[in-house]
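# The sequence isn't on hand, but the structure is:
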């Protein structure tokens with residue numbers, strides 16, 4: 001039988017370059033928490049909880065967390081710390097035939113970075129607008145308002161139980177649509193660039209660059225503020241919210257259990273999707289971050305549990321905060337029910353929630369702190385995703401180093417400028433429609449496909465038992481059998497089932513009732529396929545560039561190019577736990 005070298009592989013070799021390391025363990029934890037705890041905890045989880053069964057939704061949510069979320073996060077931490085490469089290099093080494101999975105995660109993350117920073121630019125716009133004697137979304141006395149505008153002053157003039165006239169639009173909605181977005185009637189009319197948003201987007205990218213240009217050392221320090229401040233302000237909002245009229249009714253409404261919805265497959269699908277999106281499974285970021293850990297980091301299981309617990313706690317805590325204020329809004333607007341003021345996505349944090357600020361003491365202060373919180377939540381996730389792209393370029397394309405003089409600050413500048421340019425369509429007058437298409441097909445549709453192949457690549461091809469041995473080599477402790485069973489059976493099967501249900505229940509994306517034309521839906525599928533197609537292309541490339549008969553090619557392509565016994569012992573005078581490497585151990589693959 002032919003050897004590995006004859007099939008395009010060589011033995012593990014020692015590189016002369018030392019990989020970056022976290023200055024302190026707390027930096028790694030804060031970056032991971034900052035990435036996991038993002039805008040989705042504020043605008044997505046509360047709405048999903050309300051829509052998917054209230055208190056009953058917590059059952060499928062925690063089931064999916066225990067069976068998929070926690071085990072898969074530990075899996076990503078383990079392979080990142082053991083292989084010590086970004087997602088592309090990692091999957092090329094653990095399963096060459098599925099090396100396209102790594103490329104898919106980075107591609108999906110890159111697409112996310114092009115529009116996620118737009119949300120931060122909206123927050124910056126609102127932050128600047130908060131420094132006025134009157135919040136501009138408090139009244140209907142502005143040039144962007146229409147005759148259908150209805151402000152809080154108009155609500156105050158209604159009799160008890162009286163409803164506003166039909167077809168009215170809240171002042172905060174008109175501010176978001178006409179002042180911030182300048183929104184057109186559809187994606188067919190993209191209009192012009194919103195230059196104020198353009199400037200805000202520039203500021204957002206400068207913030208990302210300053211967080212990353214010194215590598216993990218700079219991002220590790222930034223998160224002391226960006227990861228901790230949101231908790232301070234959420235706590236202030238929570239205490240204040242409980243004193244508002246209608247707040248308790250809002251919380252009761254959120255967590256009132258609707259047990260019958262537990263029989264709906266969409267609820268379980270939503271629970272899994274929330275776990276994946278919130279924790280960051282299959283986006284490559286956690287693999288990249290853990291690759292900067294010490295090889296002998298013994299606490300990855302504890303780190304995994306801590307990050308997942310903090311993330312889930314934040315989602316539930318934020319739901320209390322959000323719905324206490326929504327109950328208050330329903331009270332002051334004489335709304336027929338709390339349900340009538342609930343919104344999802346950007347509408348929750350840029351339309352519904354700000355409507356409460358003009359009725360509170362010192363509204364400018366509340367508004368300023370709220371949007372600073374949103375900026376902190378968003379910037380953590382954004383620079384984490386950009387770090388994945390940067391790490392991938394440095395690890396996978398060493399020949400590119402001459403283009404940026406092997407200096408990370410220059411490479412980060414290249415990536416930020418290029419990604420900023422790709423995001424410009426989102427800040428045009430029709431940009432919200434483009435944003436919605438990008439978000440749905442990138443972060444929802446393609447995610448399921450990538451997650452399935454990631455779980456299969458590690459759990460089945462690389463072998464969950466082998467990964468368990470790797471964790472023991474790094475930590476000195478055996479992995480609990482629970483994780484092994486989840487890696488081998490529960491996680492891959494559950495993710496596959498969810499993917500099948502999502503395909504069967506596929507619905508065309510819409511924005512506030514606007515139905516996208518067929519060509520726009522086709523464009524969305526193109527965005528989804530950009531990442532999905534990387535998987536079969538990677539498999540074909542691995543087979544074509546290998547040598548030997550088809551059977552021999554298949555054998556070597558499904559076999560990891562890492563000899564974990566060699567990885568653990570060849571360059572150590574003692575155990576790998578006592579004598580960790582100061583270098584990246586590289587297995588050259590056909591990638």
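That came through fine. Fair warning: this is a prediction, and the values are worked out from it, not measured in the lab.
# Show me where the chain has its strands.
13-14, 149-150, 169-170, 510-511, 514-515, 585-586 (DSSP state E).
# Excluding residues flanking it in the chain, which one is nearest residue 435?
Nearest residue to residue 435 in three dimensions, chain neighbours excluded: residue 426, at 4.8 Å (C-beta to C-beta, 6 or more residues apart in numbering). C-beta here means a position set from N, CA and C on the backbone, and glycine is covered the same way.
# Next up, the contacts around the one you found.
Going by C-beta atoms under 8 Å, 6 or more residues apart in numbering, residue 426 touches 114, 115, 118, 432, 434, 435, 438.
# try residue 89
Counting by C-beta under 8 Å, 6+ apart, residue 89 has contacts 83, 102, 392, 395, 396, 591.
# Take the residues you listed and lay them out in JSON lines including pLDDT and distance to residue 403.
Below are those laid out as JSON lines (pLDDT from 0 to 100; distance: C-beta to C-beta, whole Å):
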{"residue": "83", "pLDDT": "92", "distance to residue 403": "25"}
{"residue": "102", "pLDDT": "95", "distance to residue 403": "22"}
{"residue": "392", "pLDDT": "91", "distance to residue 403": "15"}
{"residue": "395", "pLDDT": "85", "distance to residue 403": "15"}
{"residue": "396", "pLDDT": "84", "distance to residue 403": "14"}
{"residue": "591", "pLDDT": "32", "distance to residue 403": "20"}
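# between the residues you listed, which has the most around it?
Most neighbours among the contacts of residue 89, by other C-beta atoms under 10 Å: residue 102, with 31 neighbours.
# of the contacts of residue 426, closest to residue 162?
For the contacts of residue 426, the minimum distance to residue 162 (C-beta to C-beta) is 32.3 Å, reached by residue 432.
# okay, that closest one: pLDDT?
Model confidence at residue 432, given as pLDDT, is 94.
# how near is the residue lying closest to residue 102 once chain neighbours are set aside to residue 462?
Nearest residue to residue 102, sequence neighbours excluded (C-beta to C-beta, 6+ apart): residue 91, at 3.4 Å. Distance, residue 91 to residue 462, by C-beta to C-beta, to the nearest Å: 9 Å.
# of the two, who's got more company?
The neighbour comparison of residue 91 against residue 462 (other C-beta under 10 Å) goes to residue 91, with 34 against 25.
# doesn't residue 104 make contact with that one?
No - using C-beta atoms under 8 Å, residue 91 is not in contact with residue 104; the gap is 9.0 Å.
# Could you tell me how many residues sit around the residue nearest to residue 236 when sequence neighbours are not counted?
In space, and not counting its chain neighbours, residue 236 is closest to residue 369: 7.6 Å by C-beta to C-beta, 6+ apart. Residues within reach of residue 369, counting by other C-beta under 10 Å, total 16.
# my read: residue 369 touches residue 232, true?
No - applying C-beta under 8 Å, one finds residue 369 not in contact with residue 232, separated by 9.2 Å.
# Can you give me the distance of the residue nearest to residue 102 to residue 392?
From residue 91 to residue 392 the distance is 11 Å (C-beta to C-beta).
# ok, now residue 50?
38 Å.
# What of residue 479?
For residue 479, the distance to residue 392 - C-beta to C-beta - is 27 Å.
# Repeat that for residue 49.
Residue 49 is 35 Å from residue 392, by C-beta to C-beta.
# Residue 424: neighbouring residues, count only.
Residue 424, neighbours per other C-beta under 10 Å, totals 15.
# is it true that it touches residue 193?
Yes - judged on C-beta under 8 Å, residue 424 makes contact with residue 193 at a distance of 6.8 Å.
# The closest residue to residue 317 other than its chain neighbours: neighbouring residues, count only.
What sits nearest to residue 317 in space, not counting adjacent residues and going by C-beta to C-beta, 6+ apart, is residue 234, at 6.3 Å. Other residues near residue 234 come to 22 when the count uses other C-beta under 10 Å.
# again with residue 148
When neighbours are counted by other C-beta under 10 Å, residue 148 comes out with 14.
# which residues of the stretch 101-250 of the chain score low on pLDDT?
Where the stretch 101-250 of the chain drops to pLDDT under 70, the residues are 161, 215-220.
# Swap in 80 and give it another go.
159-163, 214-222 (pLDDT under 80).
# Now do the same for the residue nearest to residue 435: its pLDDT.
Confidence for residue 426, expressed as pLDDT, is 96.
# Over to the one 3 residues further on?
Among the per-residue scores, residue 429 shows a pLDDT of 96.
# Report the separation between it and residue 145.
From residue 429 to residue 145 the distance is 18 Å (C-beta to C-beta).
# Do you have the helices of the stretch 301-450 of the chain handy? List them.
346-347, 363-396, 408-422, 431-440, 446-456 (DSSP state H, counting those that start in this stretch).
# And these: which comes nearest residue 541?
Proximity to residue 541 (C-beta to C-beta) singles out helix 363-396 among the helices of the stretch 301-450 of the chain, at 13.3 Å.
# in that closest one, what's buried?
363-364, 366-396 (16 or more other C-beta atoms under 10 Å).
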